[in-house]
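> Okay, sequence plus prediction incoming.
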Amino acid sequence: VLLRVLVPSEELVTVVAGEGMNVAAYDERIHEAAYDYLSGKAERLARPDLLVTPMVEVGYTPDIINRVAKNEGVDLILMSTHGRTGLKHLVYGSVTETVLKHAPCPVLAMRADRLIKNILVPLDGSVLSEKALLPALDFARKSEANVTLFSVEPLEIELFEETNGLYPQVEPQTEKALEVEDYLKMLCNKYNSDDVQVDWAVSVGSAAEEILAYAHDEGFDMIAMSTHGRAGLSRLFYGSVAENVLRHAVEAVLVVRPDA
């Protein structure tokens, strides 16, 4: 489904139409132009095994997007972030944020010019974080992409006293770190197949910073992650890992709500 959502006519009167304009005729022309545009795109995208349906609706954009996704049984909502700064300028109060909060299916926010060949899946060991794993693997199979499971361990620092004061001492690899590696290896063994290659990696430091840095440095095209809890992103958008990744990633970001 290719969807275009138009501003309601009463808002058009206020914003662009002005006094004395035939709003009904204006609405009709805008609707026809939008439909013709989508129809042209649909014709170019259509294949024998792919049905592409153009659709033009009028209303509040996030509500329309999620309603159409639900009614049409959509498996994925694809949205462009418009630019090189990821979601930085789109997060608070934006269409993208609102769609993400209430989407009935995974949402992929991406730059239009990026092919997906390497996917990073951050995991924290919880069942909720694993909700992004199957959609990411499915996406990888269809796009012939590779998947890397990624975990970030917090840096454990102890302060010890010497004659000249306190000095930080980084602890050696802990039992917890070994458990994380075993966990990632187990998932790799479970999901590695002829259809998709699954690897793993571990880093130490601040979760969001390490996810963003690793994705950038290793040339990943997409980060797939799950929100935590039934409220979608609403609990995560203030000082959280998800907020930082969504706002600052230049890679595509696939967001999966656990209850979607």
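Received the coordinates, thanks. On a predicted model such as this, the values are computed, not experimentally measured, just so you know.

> tell me, how many neighbours does residue 208 end up with?
Residues lying near residue 208 (other Cβ atoms under 10 Å) number 21. Yep, even glycine has a C-beta here, placed from its N, CA and C like the rest.

> Please apply the same query to the one 10 residues further on.
Applying other Cβ under 10 Å, we find 12 residues neighbouring residue 218.

> residue contacts, it?
With contact taken as Cβ atoms under 8 Å, 6 or more residues apart in numbering, residue 218 is in contact with 118, 120, 148.

> Give me the local confidence score for it.
Looking at residue 218, its pLDDT is 96.

> Using neighbour counts, trim the contacts of residue 218 to the buried set.
Buried residues within the contacts of residue 218, defined by neighbour count using 16 or more other Cβ atoms under 10 Å: 118, 120, 148.

> Nearest to residue 49 among the contacts of residue 218?
Nearest to residue 49 among these: residue 118, at 25.5 Å, using Cβ to Cβ.

> Mind jotting down where the strands sit in the stretch 151-260 of the chain?
157-162, 165-170, 198-204, 222-226, 252-256 (DSSP state E, counting those that start in this stretch).

> List the contacts of the third one.
It refers to strand 198-204. By Cβ under 8 Å, 6+ apart, the residues outside strand 198-204 that reach it are 137, 146-155, 177, 180-181, 184-185, 187-188, 191-192, 210, 214.

> Listing partners with orientation, what would you give for that strand?
Sheet pairing of strand 198-204 (DSSP bridges) gives strand 146-153 (parallel).

> pretty sure residue 98 contacts residue 62?
Yes. In this structure residue 98 lies within contact range of residue 62 using Cβ atoms under 8 Å: 3.7 Å.

> Worst mean pLDDT among the strands of the stretch 151-260 of the chain?
For these, mean pLDDT drops lowest on strand 157-162, to a mean of 49.

> For residue 27, grab phi and psi.
The phi and psi values for residue 27, taken as degrees, to the nearest 10, are phi -60, psi -40.

> any idea how far it lies from residue 60?
Distance from residue 27 to residue 60, counting by Cβ to Cβ, to the nearest Å: 16 Å.

> Compare neighbour counts for those two and give me the winner.
Neighbours were counted for residue 27 and for residue 60 using other Cβ under 10 Å; residue 27 has more, 17 against 13.

> So, low pLDDT: which residues of this protein?
Applying pLDDT under 70 to the chain flags residues 9-23, 81-93, 111-112, 156-174, 228-239, 260.

> can you map out the helices along it?
9-12, 23-45, 61-71, 95-102, 133-143, 175-191, 207-217, 241-248 (DSSP state H).

> Mind putting those into JSON lines with distance to residue 113?
Output for the helices of the chain, formatted as JSON lines (distance: least, Cβ to Cβ, whole Å):
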{"stretch": "helix 9-12", "distance to residue 113": "31"}
{"stretch": "helix 23-45", "distance to residue 113": "16"}
{"stretch": "helix 61-71", "distance to residue 113": "22"}
{"stretch": "helix 95-102", "distance to residue 113": "18"}
{"stretch": "helix 133-143", "distance to residue 113": "15"}
{"stretch": "helix 175-191", "distance to residue 113": "29"}
{"stretch": "helix 207-217", "distance to residue 113": "17"}
{"stretch": "helix 241-248", "distance to residue 113": "19"}
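
> With distance to residue 203 added, can I get the contacts of residue 218 in a markdown table?
Output for the contacts of residue 218, formatted as a markdown table (distance: Cβ to Cβ, whole Å):
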| residue | distance to residue 203 |
| --- | --- |
| 118 | 16 |
| 120 | 11 |
| 148 | 11 |
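
> Can you mark which positions in stretch 35-47 are buried?
For stretch 35-47, using 16+ other Cβ under 10 Å, the buried residues are 38, 42.
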